[in-house]
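Student: sequence below, structure please.
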Amino acid sequence: MKYIVLLGDGMSDEKMPQLGDKTPLQVAKTPHMDYMAKRGKLGLARTVPPGLPPGSDVANLSVFGYDPLSCYTGRSPLEAASMGVELGSGDVAFRVNLVTLKPTGTTLIMQDYSAGHISTEEARELIDELQRQLGDDEFQFFPGIGYRHLLVWRNGRDQLTSTPPHDITGRSILDYFPRGDGADRLINLMNSSQMVMSRHPVNKKRGEDGKMPANSIWLWGHGRSPRMETYRERFGLSGAVISAVDLIRGIGIYAGLDIIKVPGATGYIDTNYSGKAEAALAALRSHDYVYLHVEAPDEAGHGGNLEHKLKAIEDFDALVVGPVLEGIRQFGAYRILCTPDHPTPLRLMTHTSDPVPFILYGGEERENPAVGGYDEEEAHKTGLVLEDGFRLMDMMMK
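Tutor: Next up, the predicted model:
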């Protein structure tokens, strides 16, 4: 038996007036997901347990089959694992976003949580400079991918609260700085980063090219190393993860799965969809299980860009779901789980904890006339609601 998860990050949404009171999933052309929904098992799953933040970290842990209530310690330790950064027992990791802040009156506005989707090459120069000027034995910066990077506070403090920058787009940052034990140290780093980055050649060149400057860091998503069983221990499976995002790769590393890096995988709408599908099918020849993650719909949701979200959903269906659905038949017995991790409504430009529509498909050919296709409303009509989203893996196995 072969198992594959096809995860379109943030695909689920709300009904929108400009779409005739329909959701992007209802409007987008998704013939391959519709095909599976009509022939497989369609329902809703709550991937974010009550009391936990609706982040991709919590939601993807659920889809991987881990109960976040028992293993979640924060986002950044997972990203650290993907980046090869070892955390000691007393170390605390923080996500570092390169962001664009805009002066407005007497305050600073979070203009863009990704500094205009800055390139990995440009970002590396800035993070290296921050390490040279602000790093020391206590605070260390590590470069990641695109706008996503890492800070490790050696023997640091974790009794803190912080806010994801994509939650405060267009708002004053003054009410959203880190709070708690040691927050003053973090705020000082954030303020100091602005002085370092404002005069850096990367930002000078971005200004000349009409691009947003990466003029500050934003620290959030902190935590210590979690304890997790591997897939071999938990399910008796070998597996692999395909994603452009350090968070997803990090979960895979803690789960004991192989990480497959696909050239051209960017985490945005220009990602190499076809390359991911090809890599997944190749990986199934030597593995029992593959987790294929596509970030693009989520990024479009955070940007409030309806055109990009529709395109991301349609490309996911055409370039990932379709080829996998066709290619996986070579293995005989198989199971496909297709789902978002969480909704990312365009209206809110951030995540919510609402249940997401999922499909479980295993090669069935008989069509269910009661199911019209794959979307939130059709999933709701089935009456199947999985309150513990982490049990999707158990359902997939059985």
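Student: check the spatially most central residue of the chain and give its pLDDT.
Tutor: The C-alpha lying nearest the average C-alpha coordinate of the chain belongs to residue 56 (CA atoms, centre = their mean; 4.7 Å). The model reports residue 56 with a pLDDT of 96.
Student: and the gap between it and residue 212?
Tutor: Shown here: residue 56 relative to residue 212, a distance of 23 Å by CB to CB, to the nearest Å. C-betas here are computed from N, CA, C, even on glycine.
Student: please apply the same query to residue 267.
Tutor: The spacing between residue 267 and residue 212, counted by CB to CB, is 17 Å.
Student: neighbour count: these two, which is higher?
Tutor: residue 267 (25 against 19; other CB atoms under 10 Å).
Student: okay, the more buried one: pLDDT?
Tutor: With respect to pLDDT, residue 267 has a value of 89.
Student: surely it is in a strand?
Tutor: No: Residue 267: not assigned to a strand; according to DSSP: H, G, I helix; E, B strand; the rest coil it is coil.
Student: thinking it is in contact with residue 297, fair?
Tutor: No: shown here, residue 267 and residue 297 do not form a contact pair, counting by CB atoms under 8 Å, at 11.3 Å.
Student: run a quick neighbour tally on residue 304.
Tutor: Neighbour count of residue 304, defined by other CB under 10 Å: 15.
Student: how about the nearest residue to it, chain neighbours excluded?
Tutor: With sequence-adjacent residues excluded and distances taken as CB to CB, 6 or more residues apart in numbering, residue 304 is closest to residue 349, at 4.8 Å.
Student: with residue 395 instead?
Tutor: In space, residue 395 comes closest to residue 360 once its chain neighbours are excluded; the distance is 6.4 Å by CB to CB, 6+ apart.
Student: show me what the residue nearest to residue 170 when sequence neighbours are not counted is bridged to.
Tutor: When the adjacent residues along the chain are set aside, residue 170 lies closest to residue 109, with 6.4 Å between them (CB to CB, 6+ apart). On the basis of DSSP bridges, residue 109 is bridged to residue 102, residue 172.
Student: wait, doesn't residue 109 sit right on residue 174?
Tutor: No: under the criterion of CB under 8 Å, residue 109 lies out of contact with residue 174, with a separation of 10.0 Å.
Student: more neighbours: the two, which one.
Tutor: Higher neighbour count among residue 109 and residue 174: residue 109, with 18 against 10, using other CB under 10 Å.
Student: contacting residues for residue 197?
Tutor: Contact analysis of residue 197 by CB atoms under 8 Å, 6 or more residues apart in numbering lists 126, 129-130, 203, 213-217.
Student: re the thing from before, the residue nearest to the centre of the chain reaches residue 301, doesn't it?
Tutor: No: with the criterion set as CB under 8 Å, residue 56 and residue 301 do not qualify as a contacting pair; they are 11.4 Å apart.
Student: okay, and the common contacts of those two?
Tutor: Between them, residue 56 and residue 301 share these contacting residues under CB under 8 Å, 6+ apart: residue 10.
Student: hang on, the earlier thing: ok, the residue nearest to residue 395 to residue 33 distance?
Tutor: The span separating residue 360 from residue 33 equals 12 Å under the rule CB to CB.
Student: neighbour count for the two, which is higher?
Tutor: Of the pair residue 360 and residue 33, residue 33 is the one with more neighbours under other CB under 10 Å, namely 27 against 21.
Student: how about that one, what does it touch?
Tutor: With CB under 8 Å, 6+ apart, residue 33 has these contacts: 317, 321, 338, 359, 373-374.
Student: repeat that for residue 324.
Tutor: If you count contacts by CB under 8 Å, 6+ apart, residue 324 has them with 4, 6, 277, 280-281, 292, 336.
Student: over to residue 250?
Tutor: Counting by CB under 8 Å, 6+ apart, residue 250 touches 77-83.
Student: tell me the secondary structure at the nearest residue to it once chain neighbours are set aside.
Tutor: Taking CB to CB, 6+ apart as the measure, residue 250 lies nearest to residue 78, with 3.4 Å between them; neighbours along the chain are not counted. Three-state assignment for residue 78 (three-state DSSP): helix.
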